[in-house]
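Have a look; sequence and predicted model below, questions after that.
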Amino acid sequence: MGKVKIFDTTLRDGEQSPGVSLMPDEKLAIARQLAKLNVDIIEAGFPISSEGDFKSVQKIAREIDDVVIAGLARSVKQDIDRAWEAVKEANKPCIHVFIATSPIHMEYKLQMPPEQVMEKAIEAVEYAAKYTHNVEFSAEDASRSEPEFLYELFEKVINAGARIINIPDTVGYAVPEEFGNLIKNVKNNVDNIDQVDLSVHCHNDLGLGLANSLAAVRNGANQVEVAVNGIGERAGNTALEEVIMAFYTREDHFQVEVKQDTTQIARLSKMVANLTGMHIQPNKAIVGENAFAHEAGIHQHGVMQERTTYEIMDAKTIGLEDNKLVLGKHSGRHAFRNFVEELDYDLDEDTFEDVFVKFKDLADKKKEITPVEIEALIENQYHHHEEIYKLDYLSISTGINLIPTATIRLNKDEKTIQKATCSGDGPIDAIFHTINELVGMEDIKLIEYKINAITEGKDALGEVIAKTEIKGNTFIGHSSQTDITEASALAYLETINKYLAAGGNGNKKAKVEDLN
Ligand SMILES: [Zn+2]
């Protein structure tokens with residue numbers, strides 16, 4: 001059986017998705033779940049791009065032990081220094097340097113002749129290798145580069161100390177047969193290629209990310225770069241869950257050993273969707289809501305007789321266990337602890353107590369509480385928690401021929417702020433207006449607002465995701481409550497708290513093109 005390393009870039013390329021921005025503690029929560037799933041490498045960020053990103057990478061490097069932690073750097077000293085500074089405390093640090101190698105990128109973006117690009121790449125790898133032996137080199141836009149140029153470049157950067165050679169299909173232009181051939185040709189034409197891991201990084205502009213990655217593996221690549229739910233620049237990256245489940249389900253074909261814990265996939269996917277605010281399409285492979293649903297009668301009948309008639313995977317494999325256990329009003333701390341352990345969460349005492357209080361609160365409003373709801377309570381904890389403003393009181397009046405109004409009281413640093421009442425086009429609009437008034441910020445732009453019922457029934461938990469733009473930065477807030485008006489207020493307030501926690505200047509990252 002072959003081995004293929006899983007290099008996850010959810011926190012770097014994935015975070016570059018339009019409108020996505022994660023706080024350091026949110027990135028850490030995702031990194032923990034990635035480690036639990038047992039990926040080989042976590043690319044935690046691009047440290048030079050912003051102070052916030054630097055801190056996130058550093059935090060992850062300090063706290064995640066068994067996984068390689070990589071930081072991205074352009075082929076320039078200042079980037080490499082910064083990347084090293086961020087990852088150096090990791091047990092297994094890695095510096096990932098890149099430079100564009102296609103004629104079009106070299107001419108128009110870098111404005112450098114090929115010889116100079118080659119020189120810079122070698123210099124960068126040599127420089128990074130002084131810090132760590134674990135250096136990955138990427139030839140950006142490799143799939144549109146001259147193969148002969150790549151062969152020579154790879155041989156030289158390997159001699160300079162690169163340990164992983166990554167071949168990205170940066171713009172998602174390749175097709176499987178051609179991309180597989182490129183990998184085969186690199187294997188055959190670069191003398192020292194067997195000394196390193198051969199990696200691929202495919203984008204989904206033509207929906208071919210997975211097919212290209214698998215073609216590469218069939219032709220000798222032993223590392224695949226992926227992102228959870230396939231998020232990433234433009235149409236996104238190859239999806240982590242699709243690669244792993246392809247190897248798992250078609251072991252007969254790929255002969256690749258899966259050492260990841262596939263039962264962590266569902267939770268990881270949900271966590272990334274919630275924290276990034278990037279929802280998953282219902283028919284998304286593996287993790288879509290409908291991926292294991294059988295609507296057509298004939299299919300349902302077949303599945304009931306024998307699951308494998310229409311299901312090639314078991315929902316349990318990705319962690320979608322149909323747990324029938326429920327808790328209620330009379331469940332105590334002990335029962336709750338067992339339940340949480342059953343769900344495979346290890347919470348520290350403070351977090352446990354926090355969640356327990358929220359559980360009791362929920363149990364007062366709702367007769368039966370299911371695992372999905374407990375998970376939602378726990379997931380709430382992963383969200384940024386510096387609550388500068390706290391919701392203290394909320395009342396709404398609305399109806400036919402009534403002007404919707406909201407009355408809200410907030411606490412700031414344990415002190416109560418005067419109540420305010422504002423009207424709006426609807427009750428939710430009234431809530432947001434009132435909050436703006438109380439925090440004294442009028443320039444908050446709501447750019448997205450979504451409500452989702454996460455459980456069935458009249459007393460279901462409602463999940464709200466709010467995305468705001470404040471002074472040019474995007475913030476995502478999330479809350480699940482039985483009352484959607486309360487959830488809306490909390491989610492909206494979370495975005496304001498994030499803005500303030502980021503020092504009022506936000507978390508905007510410099511674009512690669514703007515750095516110099
Ligand atoms: Zn990419």
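Yes, it's here.

contacts and neighbour counts: CA atoms only from here.
Noted.

Could you report the neighbour count for Leu410?
Counted with other C-alpha atoms under 10 Å, the neighbours of Leu410 add up to 23.

What separation do you get for it and Tyr389?
In this structure, Leu410 and Tyr389 are 6 Å apart, going by C-alpha to C-alpha, to the nearest Å.

Could you do Glu353 as well?
For Glu353, the distance to Tyr389 (C-alpha to C-alpha) stands at 21 Å.

okay, these two: which has more neighbours?
In this view Glu353 and Tyr389 are compared by other C-alpha under 10 Å, and Tyr389 has more residues nearby, 23 against 14.

looking at it, the more buried one is touching Lys412, isn't it?
Yes. Between Tyr389 and Lys412 there is a contact under C-alpha atoms under 8 Å: 4.7 Å.

Quick one: residues in contact with the helix or strand containing Val117.
Per DSSP states H and E: Val117 is located in helix 114-131. Judged by C-alpha atoms under 8 Å, 6 or more residues apart in numbering, the contacts made with helix 114-131 from elsewhere in the structure are 75-77, 80, 84, 95, 97-101, 103, 106, 135, 137, 153, 156-157, 160-162.

run the last query once more with 7 Å
Outside of helix 114-131, the residues within contact range by C-alpha atoms under 7 Å, 6 or more residues apart in numbering are 75-77, 80, 95, 99, 106, 135, 153, 156-157, 160-162.

Need the CA coordinates for it. CSV is fine.
Included here for helix 114-131 are C-alpha records, laid out as CSV according to Å, rounded to 0.1, in the frame of the first residue of the first chain:
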residue,chain,number,x,y,z
PRO,A,114,13.6,33.1,-16.2
GLU,A,115,17.2,33.1,-15.2
GLN,A,116,16.6,35.6,-12.5
VAL,A,117,13.5,33.6,-11.2
MET,A,118,15.7,30.5,-11.0
GLU,A,119,18.3,32.4,-9.1
LYS,A,120,15.8,33.9,-6.6
ALA,A,121,14.2,30.5,-6.0
ILE,A,122,17.6,28.8,-5.3
GLU,A,123,18.6,31.7,-3.0
ALA,A,124,15.3,31.6,-1.1
VAL,A,125,15.4,27.8,-0.6
GLU,A,126,19.1,28.0,0.6
TYR,A,127,18.1,30.8,3.0
ALA,A,128,15.1,29.0,4.4
ALA,A,129,17.1,25.8,4.7
LYS,A,130,19.4,27.6,7.2
TYR,A,131,16.4,27.8,9.6
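
Would you mark the buried spots in it?
Taking 16 or more other C-alpha atoms under 10 Å as the basis for neighbour counts, the residues of helix 114-131 that come out buried are 114, 117-118, 121-129, 131.

average pLDDT across it?
Averaging the model's pLDDT scores along helix 114-131 yields 98.

and the angle for the helix or strand that it is followed by with helix 114-131?
Tracing the chain C-terminally past helix 114-131 and defining elements by DSSP H and E, one meets strand 135-140 next. When axes from the mean of the first three to the mean of the last three C-alpha atoms, to 10 degrees is applied, the directions of strand 135-140 and helix 114-131 differ by 160 degrees.

Return the list of helices and strands in contact with strand 135-140.
Here strand 135-140 touches strand 93-100, strand 164-169, going by 3 or more C-alpha pairs under 7 Å, 6 or more residues apart in numbering; DSSP states H and E.

residues making contact with it?
With C-alpha under 7 Å, 6+ apart as the test, strand 135-140 has contacts from 94-101, 128-129, 162-168, 170.

from the middle of its chain, how far away would that strand be?
Shown here is strand 135-140, whose average C-alpha point lies 22 Å from the average C-alpha point of the whole chain (C-alpha atoms, centre = their mean, to the nearest Å).

what does the very next helix or strand once past it contact?
Once strand 135-140 ends, the next helix or strand along the chain (criterion: DSSP H and E) is helix 147-160. For helix 147-160, the external contacting residues (C-alpha under 7 Å, 6+ apart) are 118, 121-122, 125-126, 186, 189-192.

For helix 147-160, buried residues please.
Of the residues in helix 147-160, 147, 150-151, 153-158, 160 count as buried by neighbour count, 16+ other C-alpha under 10 Å.

what stretches of the protein score poorly on pLDDT?
Within the chain, the set of residues satisfying pLDDT under 70 comprises 294-303, 322-324, 384-385, 504-516.

what's the neighbour count on Lys458?
Neighbouring residues of Lys458 were enumerated by other C-alpha under 10 Å; the total is 9.

for Asp429, same thing?
When neighbours are counted by other C-alpha under 10 Å, Asp429 registers 18.

what helix or strand does it sit in?
Per DSSP H and E, Asp429 falls inside helix 427-439.

Quick one: list the elements packing against that helix.
With contacts taken as 3+ C-alpha pairs under 7 Å, 6+ apart, helix 427-439 sits against strand 405-412, strand 420-423.

need those strands in a markdown table with distance to Ala291, can you?
A markdown table is the format used below for these (distance: least, C-alpha to C-alpha, whole Å):
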| stretch | distance to Ala291 |
| --- | --- |
| strand 405-412 | 40 |
| strand 420-423 | 42 |
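
Pretty sure Leu490 sits against Ser480.
No. Proximity of Leu490 to Ser480 does not meet the contact threshold set by C-alpha atoms under 7 Å, at 8.9 Å.

which of those two has more neighbours?
When neighbours are counted by other C-alpha under 10 Å, Leu490 and Ser480 differ, and Ser480 comes out ahead with 26 against 23.

quick one: that one and Ala453, what's the gap?
9 Å.

Could you do Lys365 as well?
To Ala453, Lys365 is 16 Å away according to C-alpha to C-alpha.

Those two: which is more packed in?
Set side by side, Lys365 and Ala453 give different neighbour counts by other C-alpha under 10 Å, the larger being at Ala453 (17 against 12).

List the residues that contact the more buried one.
So, once contact is read as C-alpha under 7 Å, 6+ apart, Ala453 ends up touching 460-463.

now, among those, which is nearest to Arg218?
The shortest gap between Arg218 and any of the contacts of Ala453 belongs to Glu463, at 41.8 Å (C-alpha to C-alpha).
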